[in-house]
Each structure stands twice: as C-alpha cells, then as structure tokens.
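Peer 1: Need coordinates for the following:
(3 chains)
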Amino acid sequence: MSKPIALEVRNLVKYFPTGHKGFLGRPSQELKAVDGVSFVLSKGETLGIVGESGCGKSTLARLITRLLDPSSGQVILDSQDITHLRGRRLRDVRRQIQMIFQDPYSSLNPRHSVGQIISAPLEVQGIVSGDELMSRVREMMALVGLNPEHYNRYPHEFSGGQRQRIGIARSLILNPSVIIADEPVSALDVSIQAQILNLLEKLQQDLGLSFIFIAHDLSVVRHIADKVAVMYLGKIVEMGPSSAVYGRSLHPYTTALLSAVPVANPKKRGASGRIRLQGDVPSPVNPPSGCRFRTRCWKASELCASHEPPLIDMGEGHLVACHHPMEPSEGAGKPPVER
Amino acid sequence: MEASHPVLIVENLSVSFETPDGIVHAVNDVSFVLHRGKTLGIVGESGSGKSVTASSLMRLNNSVTATTSGSVQVSGKDLMAASDDELRQIRGSEIAMVFQDPMSALNPYYTVGAQIAEAYEVHHPNASKSEVQMKVIDMMTKVGIPNPEQRSKDYPHQFSGGMRQRIVIAIALVNDPKILIADEPTTALDVTVQAQILDLMLSLQAENGMAILLITHDLGVIAEVARDVLVMYAGRVVEKADVEDLFEIPTHPYSWGLLGAVSSLDDSHRGQLKTIEGAPPSLLNLPTGCAFHPRCTYSSENNGQCETLVPSLMQKGPEHSSSACHLQSARVVQIGREVGK
Amino acid sequence: MFLFITRRLFFALLLLFAVSVVTYLLFSALPVDPAALTCGKNCKPELIAANRVRLGYDKPLVEQYWLFLKGIFVGRDYGMGQAAFSCPAPSLGYSFSQHECVTTLIGKTFPVTAFLSIGAFILWMFIGVGSGAIAALNKGKWQDRLANAFTAIGVSLPTFYVGLLVLFSVVIWLGILPFPHYESPLEDPVKFLNAMILPWITLAVLSAASYTRLTRNGMLEAMNEDFVRLGVAKGLTRRVVLRKYVMRSAMVPIVTIAGLDFAALLGGAIITESVFSLPGMGKLSIRAVVESDLPVLVGTTMVAAVFIVLANVIVDISYGFLDPRVREK
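Peer 2: Residues are numbered from 1 along each chain as shown, chains lettered A, B, ... in the order given. Prediction:
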C-alpha cells in the first residue's frame, strides 16, 4: 500500500541569528524560522504546505533545495542524505530537485532570451549542447504551452502567465523528480492562476513528478494537493490527506484559518460560527512557550503553556499537534465567535 | 423600497494616460452611483481599470500624463471641475482612501500618532493640541490598536501589516468621511488578518453610515462584503449587478469565466479548473468591438457583432443587473444559471 | 543606541590603527633612504649616518613604528645635546626636507583646506539639491533636460580641466579677478575671497552634478510612493507633501553621501589646490610625494583617514536619527 518515497525531511531546523548586537557584533537572539519539521513526500504525490507569512514555509523550501543550510536535521532524497553534500554531488542533487518561484517578473533575467533562460540549467550541468539542446528547449516550450517559435524572444514580450510558464519550463528541463513550487500562482490573476494550476497538474500526471506546493491561498492548495501540512511559527501543527484536513480539521488554528477564507457565495455571508482570531502572529524570535498557538487560541489551557504538544497520528495519517483537538461535534464552525 | 441617498455619482468617467509607447485607455465610460451606508464592489483583474477608477475619484492621477473626462459628483459638487483648493477641502474630509499595501502607505519618518493628527489638523486648523491628541487616541482605539497612548508614539515599521492597515483606516476615517475608497485593502494581508480588517471596515460602516467603494480582484471578498458589484474588464464595466444575482445568475461571459476559474475550499474533486484562455489585452491596443471577444467562447454566436460593435450595458437577466454583451437575453440567462448554480 | 555608538567608535579606532600600520609599512618599503634626503646632494656619509641615528631610522622597522605611534600620544624628541629638538604631541614625525614637525605643517595647511571644503560644500549642496528639486518638479520639461545635461557634463569633466578652464577664462582672458593668491581671512578678507571664489566654484560645480541627479531621482522615486499619495489624499497642500513626504525621504541618502564626500575633501583637494596654488593639505601632500618626504606623507594620509573614518561613524549615527527604521537595529 505504501508508495515509494521521493523525499523525506527529518526534524529540519533553521535558526537565523538576529536581534541587537552585542559589543563585538554578535547577534544575541535567534529567529526560529523552521523548528523541527518532518514529513514524507511519496512519489507522484503533491504535498501542500500552507500557513501565514512568517510561518517558515518559504525557508523550508530553501532548505530542501539546499539554497540554505539547515541548522540541524536531514533532507533525504531517494534514500540518499543530501543535507551535507557539496560541490559536484550537490549539483547532481540539484538536478533532481527544482524550484518554481513566486514572481514571474523578477525570477527571469530580462537580458536573456527565453531560449537561453530555459536552456541555462542544461548548460550549467553540461549535459547536452548544440542542436540537441535547441530541440530539447523547443520540446519543453511546447510541453508547457508556449509557442516554440518564440525561442528568441525576451521575457518582457510575454504576459505574466506566460512568464510563469517559462519558469516552469526552466525547472523541468533537467527532468527533476521533485518540484518545489513556492507561491507559484499568487502573483497571477485569477483566470491565469487556473491555467497554471491546470498545467501543473497535467505535467505531474505526464511526467510522474512529486510536488511540494507552498501557498498561503488555502483554496488553491485544496485544489491541487493530495496531502496538506499546516505550519504555524516554524512548526507543522497539522498534516494529513487533504480531504481529512479540510473536511475535519483537528487543530484550532487550521479551523480558524479555514473559517477566515472568504467564501465566494454571498448566501453564506455571515454564516454562523465564523472564528475570528485575535491579534497577530507572535514573533518567531521569541515564540510562546509550550504550544506556539496558545496565545491566540480560544481552547488554550495551562497545559498548553507548559507542555509543547507533539505531532501525533489521530488515525489514517491525520496528524495533529494539539492538547485539545477539535471534536467532531464542534465541526468547522461551532467554537465561540469572537469579534 | 428603501430610501437611497446617493453620495457619489460617477458619470461617463474615462481616463487615459500618455506613455512613451502610446496612449493607454485605462478607464472607458464608467458610470455608477454610490449610496450612503452601502458597499459597492469593483472586481476585475490587473489592467481592468479598477484601481485607476478609484484614484480618479480623488483626482490622484498624475496630472501631466493623465487625461480625464466625465463627471464625479460629491455632495452636488463636480470634482472634475473643482479648483485645487476645493479639491483639498474634499480630500480626506468627504472622501478618504485606504491603499493596498499598508507597508508602503504610511510615511516611515513620522510616528503614526503624528500622521493621524496631521490628517485631522488639515481639516480642523483651529483644533487645540489636546483635542487633536484625544482624537488620535480615540481613532486608534476605534480601529482596535491596543495601548493607543503608548503606540501613537511608535513609527510605522514597529507595527505588523494588519496593525498598519488599521492605522491607515484610522487616518482615513478621522474626519468622518461620507465615502471610503478601499483599493485592495486586504490583498497584502494574511487571511486571518484580512478577516479582521474586513470586519473592522463593516462595523465602522454600520456605526457612521459611510459608503464604501471596495476595489478587489477577490470574488470571495466581494461575496462577503459588497452589496452591489461592478465587474470590469479592459477599462470597461462589463457587468453591473446585485451581489447575489452576480453569483446566482451572472450575465456576462467574462463573469462566467471568472467564477469558473476560482478554486474553492469545497472543491473536493480534483480536476481541471475552468479557465479563460489567453491573457487580458494590452490597453495600448484594445481589440475592436467587445474587448473580451478574442477570449470569449460565445463570440461566434453573434454574426460578427462582437468584433465590430462595443456592446453597451443592458438588462439581460435579473431586474437590477445589466451586462455589456451581444448575446440574446434568453441565452445569457440559460448559461448564467448553469454557471451560477 | 549608546552601545551602538561605543561599538562603532571602538571599531573606528581599530580601523585607524590598521590604517596607520599599513601606511607606515607601505611608505617604509619605498626605495628611498630618508636619511640621505635630509641633506643636499654633496652630503658626507658620516652626516647621513648621524642624521639616520638622530631621526631614528637606524632602528628596526617595528621599533620605528612604535616610536611613531608613541609620538602621537606623548610627542617625540629627536637627537641629543645641542642638536636636540622635539615635536610635541600629537607628533606625526619630522619632515626632513622642510625641517619642521609634520604636525606643524599640517596645522598650517589644514585651515586652507577646511575653508576650501566648507565653502565648496555649502555651494554645491545649494546648487545640487536646488537644481535636482527643480528638475524633479518639472520632469520632462526644459528645466529637467537642462539639469540632465549639467549632470552629464559635470560628472564627466575632470577637475584639473575645469579648474584650468575657469582660471584661464576668468583670470587670464577676461581679467575679472586677479591671479589668486592665498591670504588668511583674518589678515585680508578680500584677498582671501579673491583666492577662494574660483576653487569654490570649480569644486562645487563638479560635485553638485551628482547631487542634482541624486536629488532628482530620489524625489521622483518618493513621489511614486504610496505614502505620498496618502498625503495628497489626506488633503495636504502640495508644499507640505513636498516637504514632509517627498524631500524628507529623498534627503536620507543625500545626507549620507554628502558626509562622506565632505570628509574626503577635508583630507586635501589635491588637484584643485594645485591648480589654484592654494597652500592646503593637498598641496602639502603633493610636495611630499615629489620630495619623497615620507613622514609628511604618512601624516597627511593619517589625517585624511581620520576624517573619513570619523565621517563614516557620524553618518551611521545620523542615519539613525534620520530614519527611524534604522534606529531600532
């Protein structure tokens, strides 16, 4: 039943030095961007990672792609520990994990033609050259829905959606096995978002890719992900199959997050039991003790302040880190409404 | 029939900009009325002209490159014909504005208290220091900022995004304006904070009866807060409707596409999202006839009308809705019901 | 903030120490024998040897440096008996070609450089910021194009060329002013102004160009900021918006760069001083180079370094006052 594993992350931690500097300029504090994150990504699966700004989701993406070095923990790709690889072996690994970025405007070099942009990874890796390179690039352009005739055009001649297609082509040219997409559609208009989401799904099916899809938009993740992890202040607070997390969220934060999403249906306006979280996310430099969500949680008890809840399996791969998980009777909308 | 109090009447507003590449027709022939205590939403994608419409209402566009025509009436005065002095009197006191990015909307060099105070003092030159100070604290309390006395001495960068947006709202509402223009007020915010800010705007509206013009690209936000909606595409209003009608029986092909493209939380079955093929046109070089026709699935049904004739807004379906489309009413309602479900 | 300032000052001192070591070593490595330069062409070897001992050049390099460093704090005595003389603290050494303590030489020449720098600075800030502001407010019109042309010319012309051009045209061809001859302003203010006006203009015109560009671009950038639009939307007058919103934000980088430019100038405007024969520190340095007068070179370099390091500290600190976002960190 268990599918082969494409990528595993074990207890990944990244602290950034920050804060007031002492006399000799040593930072006195640490920003706990990612604090003990573990998950498994199966082959051909899409894992969605959601959370608000500052939850550490983008740092996580950079750790996995080794754009940042973790403070501790492991990243395992195809049963090979890639956490500490350097030089040529790291380059080999980078071929396997590729990234799609948020901003299709700033992630493409404006002075390079589309052909150059898409073929650059091939040249860096020194695999193919000449005519073969050219035909690979044209093939890839066709695959992502760009006209291969536009090989010699420059990024500014394309619309936002087309530029994101260029970014996708560039990340696919090396035949990676894992794609990490960091907010790939959040800079795009709704009608274009749908085009790109459809493209990503089609590519995944055709090429058997594994996806990590990072986004703040819960609806988009709902649409594309098989499995969802919800992050809050550097930790995964809930993880499981999409249908379970969205259908019956166990963590109060997930429940609040889902209930805050505006519903495109005026008849549901002001529906009973909207949860309104108070205040802002606390600083990751100095997170609350115990459960990090407790300062905004309406169910918090003394236990939550003293003991950090572990991420435990509540059945069928649905994990939650909470001392007082949501009861089925509470549904998604029963908790006290706070305004 | 409820009594309506129009506070803002916009007629045939058109705005174009001169650019090195040619003339950009950002807004074409837009008309609408904003009523006291009500919220009108303008929804559209980038380049639809929704933000330019918003800034034209306060004449904030670059006066050198922009050409504006039409009329914008506030309390019987036409802003388009107003002198600079008259305009200043109206700005901030009768119409106020909330911008998209709270990170950049506040002056980084002054404390937030000073910025709220400044907005009050411009229109109350004779107010005493203590009166201004009280007003500042009062506004900060109203928009939900804890410890207002102390926090009024802080600079913008010491606040989170949500808190900054509250301060921008405090600045906007300090003179009790009749009209609040909110240009994507929650787009840069996290979803839980977005919910807080929308709640705040609605509760302040309930309190002081201001009219809100809400500009957004998010149909979810529209569904949550707007009463009437304008759908804009390529600088024109293509549909005008009651919010419920828009979602129940949308009457323009672009609205159909937009509604179909939204992924929702209930969307349990994975599968292809409906898309609108292609991309929005360049405003430098708009298609002839209906600007949407190159992307429209139904344009072939109208014997070439769509390619040549700009459709005008007409009632096609529900009573208070109108759309700019050449399709026959019956056909529009039939497809609209399918899309709206 | 206090911790920040002490830390910055501490590192500034450390940096100056490093500069002094490098400068001293670098100049010591030059293939000249300082002792041989102390007397003329037909100098007897015994005299050279005696001078070497007297000036301390017989000692190992490390000790020489130590004596130099010590001299800065406690002054320094040279020679013994009748031939003995001393340079009081802060002593930067003794010039063997001019037979004077380096500190005295710098003390004589520095006021000239300071007057030149201050006058030019005030002038160029007025011209630069003023023309930049006019250009920004009239973007695309003739004022803007004129300012752009001025910037392009000012940035690309070398100082010596403009200096000579001004000198020739005003003094020699037109004869409006007499040939500049420096006098202390306390002695003869008219002559002082006569001597200074042309160098001021030369320096100001050239430096102003980059400030014109900086001001213009800073203001245009600020005018596109959301917070400026919010200022207008509040109903503020154009004047208030320009002053509190636009200028305020455009001035921050200008103040930074102006501080550094001014400090660099205080170290000696070598070319301008040479062209207009002003007896300033730049002129002193040039003469020291020509005569391989190592102690003077080390001294002027150190003084220039102090100004630049100090200006950096001051700019960093003032940045905190100018921009509240920096104050926090």
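Peer 1: Identify the residue nearest A:Glu8 in space, chain neighbours excluded?
Peer 2: Spatial nearest neighbour of A:Glu8, chain neighbours left out: A:Ile76 (4.3 Å); criterion: C-beta to C-beta, 6 or more residues apart in numbering or on different chains. C-betas here are computed from N, CA, C, even on glycine.
Peer 1: Please determine how far that neighbour is located from chain B.
Peer 2: According to C-beta to the nearest C-beta, to the nearest Å, A:Ile76 and chain B sit 28 Å apart.
Peer 1: Tell me the secondary structure at that residue.
Peer 2: strand (DSSP: H, G, I helix; E, B strand; the rest coil).
Peer 1: How many neighbouring residues does it have?
Peer 2: For A:Ile76, the count of nearby residues is 16 (other C-beta atoms under 10 Å in any protein chain shown).
Peer 1: which residues sit in contact with it?
Peer 2: Contacts here follow C-beta atoms under 8 Å, 6 or more residues apart in numbering or on different chains; on that basis A:Ile76 touches A:Leu7, A:Glu8, A:Val9, A:Arg10, A:Ile82, A:Thr83.
Peer 1: can you tell me the residue of the stretch 201-341 of chain B closest to chain A?
Peer 2: B:Gly220 (3.1 Å; C-beta to the nearest C-beta).
Peer 1: what's near enough to touch that residue?
Peer 2: For B:Gly220, counting by C-beta under 8 Å, 6+ apart, the contacting residues are A:Ser219, A:Val261, A:Pro262, A:Val263, A:Ala264, B:Val262.
Peer 1: so which helix or strand takes in it?
Peer 2: helix B:219-225 (DSSP states H and E).
Peer 1: Give me the nearest residue to the residue of the stretch 201-341 of chain B closest to chain A, chain neighbours excluded.
Peer 2: Of all residues not flanking B:Gly220 in the chain, A:Pro262 sits nearest, at 3.1 Å (C-beta to C-beta, 6+ apart).
Peer 1: Next one: that neighbour relative to B:Ile249, how far apart?
Peer 2: 21 Å (C-beta to C-beta, to the nearest Å).
Peer 1: Over to stretch C:164-176 now: how far is its first residue from its last?
Peer 2: 15 Å (C-alpha to C-alpha, to the nearest Å).
Peer 1: if you skip the residues just before and after it, what's nearest to A:Leu85?
Peer 2: A:Val93 (5.8 Å).
Peer 1: Which strands or helices does the lowest-mean-pLDDT helix or strand in chain C pack on?
Peer 2: None of the helices or strands of chain C scores lower by mean pLDDT, DSSP states H and E than helix C:34-37, at a mean of 71. Counting contacts by 3 or more C-beta pairs under 8 Å, 6 or more residues apart in numbering or on different chains; DSSP states H and E, helix C:34-37 is packed against helix C:45-55.
Peer 1: returning to that earlier point: from what I see, the residue nearest to B:Gly220 and B:Ala223 are in contact.
Peer 2: Yes - under the criterion of C-beta atoms under 8 Å, A:Pro262 makes contact with B:Ala223 at 6.5 Å.
Peer 1: Mind pulling up the pLDDT for the closest residue in space to B:Thr297 that isn't next to it in sequence?
Peer 2: Leaving aside its sequence neighbours, B:Thr297 sits nearest to B:Pro253 (C-beta to C-beta, 6+ apart; 6.8 Å). What the model reports as pLDDT for B:Pro253 is 93.
Peer 1: From A:Thr255, how far out is B:Pro253?
Peer 2: 37 Å.
Peer 1: same deal with A:Val124?
Peer 2: Where A:Thr255 is concerned, A:Val124 sits at a distance of 45 Å (C-beta to C-beta).
Peer 1: who's more crowded, these two?
Peer 2: A:Thr255 (24 against 12).
Peer 1: ok, C:Ser91 - contacts?
Peer 2: Contacts for C:Ser91 (C-beta under 8 Å, 6+ apart) come out as C:Gly71, C:Ile72, C:Gly75, C:Arg76, C:Cys101, C:Val102, C:Thr103.
Peer 1: Setting aside sequence neighbours, what's the nearest residue to the first one?
Peer 2: So that's C:Gly71. With C-beta to C-beta, 6+ apart, the residue lying closest to C:Gly71 is C:Ser91, at 3.8 Å.
Peer 1: what about C:Asn84, how many neighbours?
Peer 2: Just so we're on the same page, residue C:84 is Ala rather than Asn. 10.
Peer 1: tell me the contacts of it?
Peer 2: C:Asp77, C:Tyr78.
Peer 1: So for it, what pLDDT did the model give?
Peer 2: At C:Ala84, pLDDT is 70.
Peer 1: likewise C:His181?
Peer 2: For C:His181, the predicted pLDDT is 80.
Peer 1: Look up how far A:Cys291 lies from A:Glu302.
Peer 2: 11 Å.
Peer 1: which residue ranges form the strands in the stretch 101-250 of chain B?
Peer 2: B:179-183, B:211-216, B:228-233, B:236-242 (DSSP state E, counting those that start in this stretch).
Peer 1: An error on my part: the question was meant for the stretch 51-200 of chain C.
Peer 2: C:76-78, C:85-87, C:94-95, C:100-101.
Peer 1: Turn the ones you listed into TSV, including distance to B:Ser75 and mean neighbour count.
Peer 2: Formatted as TSV, the strands of the stretch 51-200 of chain C follow (distance: least, C-beta to C-beta, whole Å; neighbours: other C-beta atoms under 10 Å in any protein chain shown):
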stretch	distance to B:Ser75	mean neighbour count
strand C:76-78	83	18
strand C:85-87	81	16
strand C:94-95	81	26
strand C:100-101	80	20
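Peer 1: in the stretch 151-300 of chain B, which spans are helices?
Peer 2: Secondary structure of the stretch 151-300 of chain B by DSSP state H, counting those that start in this stretch: the helices cover B:161-173, B:191-208, B:219-225, B:243-248, B:253-261.
Peer 1: For the first one, C-alpha coordinates in CSV please.
Peer 2: Yep, that's helix B:161-173 we're talking about. Provided in CSV are the C-alpha atoms of helix B:161-173 (Å, rounded to 0.1, in the frame of the first residue of the first chain):
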residue,chain,number,x,y,z
GLY,B,161,0.9,44.6,8.5
GLY,B,162,-2.5,44.2,9.9
MET,B,163,-1.9,46.9,12.5
ARG,B,164,-0.6,49.3,9.9
GLN,B,165,-3.7,48.8,7.8
ARG,B,166,-5.7,49.7,10.9
ILE,B,167,-3.7,52.9,11.2
VAL,B,168,-4.3,53.7,7.5
ILE,B,169,-8.1,53.2,8.2
ALA,B,170,-7.8,55.4,11.3
ILE,B,171,-6.2,58.1,9.1
ALA,B,172,-9.0,57.7,6.5
LEU,B,173,-11.8,57.9,9.0
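Peer 1: Give me the residues contacting the longest helix belonging to chain A.
Peer 2: Identified as the longest helix of chain A according to DSSP state H is helix A:190-207. With contact meaning C-beta under 8 Å, 6+ apart, helix A:190-207 is reached by A:44, A:46, A:143-145, A:159-161, A:164-165, A:168, A:172, A:175, A:181, A:184-185, A:188, A:209, A:211, A:213, A:220, A:223-224, B:45, B:217, B:219, B:257-258, B:260-263, B:270, B:272-277, B:279.
Peer 1: Which among the residues you listed count as buried?
Peer 2: A:44, A:46, A:143-145, A:159-161, A:164-165, A:168, A:172, A:181, A:184-185, A:188, A:209, A:211, A:213, A:220, A:223-224, B:45, B:217, B:219, B:257-258, B:260-263, B:273, B:275-276, B:279 (16 or more other C-beta atoms under 10 Å in any protein chain shown).
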